[in-house]
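> Sequence and predicted structure, then a few things I'm wondering about:
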Amino acid sequence: MKKSLFLYLFIIAVLMNVFTYKYFASKGLDEVNTLKIENKKLKDSTLVMYNKSIDDNSFSLEFNDRAQNYLNQNNLAAFSEKVKQALLAYNDDPAGNKYVDQGKVGEQKFIINKLKILNHRWIIADYSNGELWGEVLIKYFVEEDQSITFQTMDSYLYPQQLN
């Protein structure tokens with residue numbers, strides 16, 4: 001009787017171990033499959049973001065070979081910084097930056113916050129006075145003496161309710 005009791009307990013213990021092993025093995029396999037699917041989604045989204053980045057950078061002086069050839073600059077980063085600083089220097093004017101094409105509203109002057117050099121001729125910039133925001137498209141020229149001049153092409157000030 002004692003032998004058969006131990007035999008039954010042994011068989012029950014073996015069956016419990018087998019079922020426990022199968023349960024955890026299938027659970028682990030499900031997790032692996034879920035992680036593979038998640039990894040594939042992340043790779044796809046990374047590829048989408050990379051392609052979007054390439055498309056966005058096509059309108060950038062750093063990735064525009066024709067504009068770089070036109071400018072004939074050896075140090076493009078230094079040239080870009082020179083153009084940015086030349087335009088941002090107008091922010092110090094008490095009336096605000098004259099290239100935003102907006103007059104002073106109250107005590108606040110309009111200044112350029114950030115800008116992007118699109119190519120050898122155009123700059124797009126974001127400007128504000130702290131309450132109102134807008135964007136401006138500016139044409140720039142490199143003169144013979146390497147000075148830089150600017151001309152406002154178009155400007156848009158967002159309505160008050162959108163700010």
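Nice, thanks for sending it over.

> Where do the domain boundaries of this structure fall?
1-57, 61-162 (automatic domain parsing).

> ranking those by burial, who's on top?
When you average the neighbours per residue for each of the domains of the chain (mean count of other C-beta atoms under 10 Å), domain 61-162 leads with a mean of 14. Heads up, the C-betas are built off the backbone N, CA and C, glycines and all.

> Give the next helix or strand downstream of the host helix or strand of Asp44.
Element membership of Asp44, judged by DSSP states H and E, is helix 2-57. Moving toward the C-terminus from helix 2-57, the next helix or strand (DSSP H and E) is helix 65-71.

> who touches that following helix?
Leu61, Leu76, Phe79, Asn119, His120, Arg121, Val142 (C-beta atoms under 8 Å, 6 or more residues apart in numbering).

> Report the rounded mean pLDDT for it.
Across helix 65-71, pLDDT averages out at 77.

> Please save the CA atoms from that helix in PDB.
The C-alpha trace of helix 65-71 is given here as PDB (Å, rounded to 0.1, in the frame of the first residue of the first chain):
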ATOM      1  CA  ASP A  65      25.000  69.800 -53.600                       C
ATOM      2  CA  ARG A  66      23.900  72.400 -56.200                       C
ATOM      3  CA  ALA A  67      23.600  75.100 -53.600                       C
ATOM      4  CA  GLN A  68      27.000  74.200 -52.200                       C
ATOM      5  CA  ASN A  69      28.600  74.300 -55.600                       C
ATOM      6  CA  TYR A  70      27.000  77.700 -56.300                       C
ATOM      7  CA  LEU A  71      28.400  79.100 -53.000                       C
END
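
> what's the distance between Ile148 and Glu107?
30 Å (C-beta to C-beta, to the nearest Å).

> ugh, wrong one, I meant Ser128
14 Å.

> Spatially central residue in this protein, please.
Nearest to the geometric centre of the chain sits Ser53, at 7.9 Å (C-alpha atoms, centre = their mean).

> where does Asn163 land on pLDDT?
Reported pLDDT for Asn163: 61.

> which regions of the chain sit below the pLDDT cut-off?
Applying pLDDT under 70 to the chain picks out residues 163.

> Mind doing that once more with 90?
For the chain, the stretches with pLDDT under 90 are 1-33, 35, 41-80, 93-97, 101-109, 118-120, 129-132, 142-147, 158-163.

> So which elements touch whichever strand or helix holds Lys114?
Assessed by DSSP H and E, Lys114 sits inside strand 111-117. The contact analysis (3 or more C-beta pairs under 8 Å, 6 or more residues apart in numbering; DSSP states H and E) places strand 111-117 against helix 76-88, strand 122-128.
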